[in-house]
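# kindly generate the corresponding structure for this input.
(one chain, ligands or ions: 1)
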Amino acid sequence: MCGIFGCVLREGKAAPLLHEALKRLEYRGYDSVGEATVYNNKIYVKKDAGKIEEVHAIENLDDLPGSVGIGHTRWATHGGPSKVNAHPHLDCTGKIAIVHNGIIENFMELKDELIDEGHVFVSKTDSEVIAHLIEKEVKSGLPFVEAVRNALKRLEGSYAIAVLYAEQPDMIICARKESPLVLGIKEDACFCASDIPAFLHLTRKSVVLENGEIAILRSDGYELRRISDGAEVHREPEWIDWTPEMAEKQGYPHYMLKEIHEQPQAMRNAVRLQEQYLDLMATFLDRAQEVFLVAAGTSYHACLAASYMFSKLAMRTVHPVIASEFIEEYGKALNIDTTILFVSQSGETADTLEALEYARNRASTLLGLTNVIGSTLTRVARAYICQQSGPEIGVAATKTFTSQLLVLAQLALRLAKKRGKVSQSEIDYLEEEIRKMPSYAEEVIARVEDKVRELAQKYYKKNLFLFLGRGISSATALEGRLKLMEISYKPSLAFPAGESKHGPISVVEEGVPVIFICPRDETRKEIKGNIMEMKARGATIILIIEEGDEELKSLADDYIEVVKGVPEILSPAIYVIPLQLFAYYVAVLNGLDPDKPRNLAKSVTVK
Ligand code: AGP
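Below is the predicted model:
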């Protein structure tokens, strides 16, 4: 997730507005920043790696001429934070500048095609291909707007872009597919931005660009067209009455709720991984004599779920281990034949990095899965995958967890293919189901949120909760427990349901809410028994079940139905969503701030 901004002013300097707007978009990404303006048919660019004010102190971002410009604040997904990888990106002539938020899935083949035609690339980003594609279309003789439209039709993936052209210095072209883009309208200026906060201090008149639309912005107005056929689109501006703080959360009261709702888009990004990265990681995992998955907190729960995926799909045993215990438990056993996948959304968790450093000194193969390119984990790992979730502001991990699960599922499936452990039909089925996960998540969020809010209203005063699951759902139970505990401070227990009779069931008495995660999978018969044993002790039974599961509904005091047909190995990424929402609403009903829970930090960089 990055932040883009563009402005066309009738008069005055664009650069200071660009700078201010990018500061208001900084929560969308902050590893690099850049601006470009057009003046006297020439494009001027300033950009570098670093936070906005760091780069401004060196480059003076306000010192760019002209009333028309574009800007970008970056969250790296392809190519680490650096000056050449920072946006804006230029074409070969230097007359076209673009900024981009999103992921171009087919950028490698487009880049090869363009290089064969003589284009020279300077960055490692996917975004740079857009500038050269537009250049190619302009050179074919098309008018600028048509050249941009044709170029966009070649792109697969997601984009929100803004484009400057030195030969048409009075306009900006912007367009979107999936990534957000809104226009701000004034009588003597037009703006485009990834998010409303960028221009809310300048105007409250806003037009949302819909998927597949392109806009031409001039200082006296805007035109909308369809990318597909160029047909004109008419849409009047709306009045935005949000406060600036609400705007930064896109109208949500907290970042955590915004990020829960962002999960479908984050999942779309997580299923847009470059093939070669998945293949490389699968090769390392296949060759290893022993594989560990090492992480902390929520990331550890993703590893626990992944251990079921790897064993069920690839018949590969992997050991999920809590980072702070890894050295003590396995340190002396590590050797050159050990491969360890470290999972950390921040890439900076001290416990995880300590384990990483220890394993490095034992000559083990170090792999990484993270959300932050340029983090320590990406610099030390021999190979890594970026999950491409965009910044997660809420301390409680939500979208980064479900994205980690999707990446790990793709890795397990890729390893299964490599080892010949699954049939082609099963591969095709699971690949299709992975692609459906964003829509599954969208459907669940839309259908369960009100019911979950009612449940929170009913139970938010309770002072003990149990979360139980079997099989891969035991990982979901642990994650649901952590979410509730860390933001509502409610004492909660979570363990594999089969463990109940080995001790924990003694805490259950009349009215204690016990939440079971029960997808329709192989553990069904046993989980029914576990539900009955809790009912017998007076527990209040809350079930997270598949839609239409009448048999389990009859055992529940309350239940939440999630979408039918989610494969067992993918179920945690969907069944966790009601638990995330439950934790959020219980915290809010208890008058707490879910974004800033006491005693916790977003990234635990101390041991
Ligand atoms: C989860 O909601 C917490 N924020 C915490 O457990 C977190 O998952 C843990 O600190 C690991 O963080 P990482 O993924 O950045 O390494």
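# what's the helix or strand encompassing Ser324 packed up against?
Assessed by DSSP states H and E, Ser324 sits inside helix 323-330. The contact analysis (3 or more C-beta pairs under 8 Å, 6 or more residues apart in numbering; DSSP states H and E) places helix 323-330 against strand 290-295, strand 318-322, helix 350-361. In this view, the C-beta of every residue, glycine as well, is placed from N, C-alpha and C.
# pull the helix or strand with minimum mean pLDDT from this protein.
Lowest on mean pLDDT, DSSP states H and E among the helices and strands of the chain sits helix 244-248, with a mean of 77.
# so which bits of it are buried?
Going by neighbour count (16 or more other C-beta atoms under 10 Å), the buried part of helix 244-248 is 246-248.
# which residues touch it?
24, 27, 195-197, 200-201, 240, 252-253 (C-beta atoms under 8 Å, 6 or more residues apart in numbering).
# up against the ligand, what does the stretch 351-500 of the chain have?
352, 395-397, 486 (C-beta under 6 Å from any ligand atom).
# and of the buried residues of helix 244-248, the nearest to the ligand?
For the buried residues of helix 244-248, the residue nearest the ligand by C-beta to the nearest ligand atom is Glu248; the value is 20.3 Å.
# out of the helices and strands packed on helix 323-330, deepest packed?
Among the helices and strands packed on helix 323-330, strand 290-295 has the highest mean neighbour count (mean count of other C-beta atoms under 10 Å), at a mean of 24.
# report the angle between that one and helix 323-330.
Taking axes from the mean of the first three to the mean of the last three C-alpha atoms, to 10 degrees, one finds strand 290-295 and helix 323-330 inclined to each other by 150 degrees.
# show me what strand 290-295 is packed up against.
On a contact count with 3+ C-beta pairs under 8 Å, 6+ apart, strand 290-295 meets helix 297-314, strand 318-322, helix 323-330, strand 338-344, helix 350-361.
# phi first, then psi, for the residue sitting nearest the centre point of the chain.
Centroid-nearest residue in the chain, with C-alpha atoms, centre = their mean: Ser389, separated by 1.7 Å. Note on Ser389: backbone dihedrals following degrees, to the nearest 10 are phi -90, psi -10.
# I figured it hits Thr400, correct?
Yes. Using C-beta atoms under 8 Å, Ser389 makes contact with Thr400 at a distance of 4.8 Å.
# joint contacts of these two?
Residues within reach of Ser389 and of Thr400 at once, by C-beta under 8 Å, 6+ apart, are 266, 345, 371.
# looking at the closest residue to the ligand within the chain now. What's its pLDDT?
Across the chain, no residue is closer to the ligand than Gly297, which sits at 1.9 Å (C-beta to the nearest ligand atom). Predicted confidence (pLDDT) for Gly297: 98.
# and if you look at the one 5 residues further on?
Reported pLDDT at Ala302 in the predicted model: 98.
# what's the local residue count around the closest residue to His56 other than its chain neighbours?
Nearest residue to His56 in three dimensions, chain neighbours excluded: His19, at 6.5 Å (C-beta to C-beta, 6 or more residues apart in numbering). Number of residues near His19 (other C-beta atoms under 10 Å) recorded here: 23.
# distance check, His19 against Ile531.
For His19, the distance to Ile531 (C-beta to C-beta, to the nearest Å) stands at 58 Å.
# now do Gly368
According to C-beta to C-beta, Gly368 and Ile531 sit 39 Å apart.
# more neighbours, the two?
Just comparing Gly368 and Ile531: by other C-beta under 10 Å the higher neighbour count belongs to Gly368, 25 against 21.
# so when I look at that one, I'm seeing a helix, right?
No. Judged by DSSP: H, G, I helix; E, B strand; the rest coil, Gly368 forms no part of a helix; its state is strand.
# use 10 as the first number for this chain going forward.
New numbering, starting at 10: the last item is Gly377.
# pretty sure it contacts Gln396?
No. Using C-beta under 8 Å, Gly377 is not in contact with Gln396; the gap is 10.5 Å.
# quick one: distance of stretch 254-262 to the chain centre.
Relative to the centre of its chain, stretch 254-262 is centred 18 Å away, using C-alpha atoms, centre = their mean, to the nearest Å.
# what's the longest helix seen in the chain packed up against?
Using DSSP state H, we find that the single longest helix of the chain is helix 433-468. Under the contact criterion of 3+ C-beta pairs under 8 Å, 6+ apart, helix 433-468 touches helix 272-279, helix 408-427, strand 549-555, strand 567-571, helix 581-598.
# dump these into a markdown table; add mean pLDDT, mean neighbour count and distance to Thr614 as well.
Converted to a markdown table, the helices and strands packed on helix 433-468 look like this (pLDDT from 0 to 100; neighbours: other C-beta atoms under 10 Å; distance: least, C-beta to C-beta, whole Å):
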| stretch | mean pLDDT | mean neighbour count | distance to Thr614 |
| --- | --- | --- | --- |
| helix 272-279 | 96 | 25 | 23 |
| helix 408-427 | 97 | 26 | 16 |
| strand 549-555 | 98 | 22 | 34 |
| strand 567-571 | 98 | 20 | 35 |
| helix 581-598 | 98 | 26 | 24 |
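# returning to that earlier point: nearest to Phe476, of the helices and strands packed on strand 299-304?
Closest approach to Phe476 among the helices and strands packed on strand 299-304 (C-beta to C-beta): helix 306-323, 11.2 Å.
# ok now do His28, which residues does it touch?
Applying C-beta under 8 Å, 6+ apart, the residues contacting His28 are 44, 61, 65, 70-71, 80.
# any idea which of these has the most stuff around it?
Gly80 leads the contacts of His28 on contacts (other C-beta under 10 Å) with 34 neighbours.
# so what's it closest to, chain neighbours aside?
In space, and not counting its chain neighbours, Gly80 is closest to Leu27: 3.9 Å by C-beta to C-beta, 6+ apart.
# same question, Arg37
Nearest to Arg37 is Gly12, by C-beta to C-beta, 6+ apart, at 3.9 Å.
# measure how buried that neighbour is and give me the count.
30.
# so which bits of this protein are right by the ligand?
305-308, 353-355, 358, 361, 404-406, 495, 612-613.
# which among those residues end up buried?
For the residues of the chain next to the ligand, buried by 16+ other C-beta under 10 Å: 305-308, 353-355, 358, 361, 404-406, 495, 613.
# Ile526 belongs to a strand?
Yes. Looking at Ile526 with three-state DSSP, it is inside a strand.
# quick check, it in contact with Glu488.
No. Here Ile526 does not reach Glu488: they are 9.6 Å apart, not a contact under C-beta under 8 Å.
# following element in sequence after the helix or strand encompassing Leu173, please.
Assigned by DSSP H and E, Leu173 falls within strand 168-174. Per DSSP H and E, the first helix or strand lying C-terminal to strand 168-174 is strand 181-186.
# give the rounded mean pLDDT of that next one.
For strand 181-186, mean pLDDT is 97.
# pull up the pairing partners for it, direction included.
Strand partners for strand 181-186, identified by DSSP bridges, are recorded as strand 168-174 (antiparallel), strand 222-227 (antiparallel).
# just say which of those strands is most tucked in.
Most buried among these, counting by mean count of other C-beta under 10 Å: strand 168-174, with a mean of 27.
# run the chain-centre distance for it.
Offset of strand 168-174 from its chain centre (C-alpha atoms, centre = their mean): 22 Å.
# for the record, mean pLDDT for that strand?
Rounded mean pLDDT across strand 168-174 is 97.
# need the contact partners of it.
By C-beta under 8 Å, 6+ apart, the surrounding residues in contact with strand 168-174 are 13-15, 45-47, 52, 77-79, 97, 104-111, 113, 139, 143, 147, 153, 157, 161, 180-190, 201, 203.
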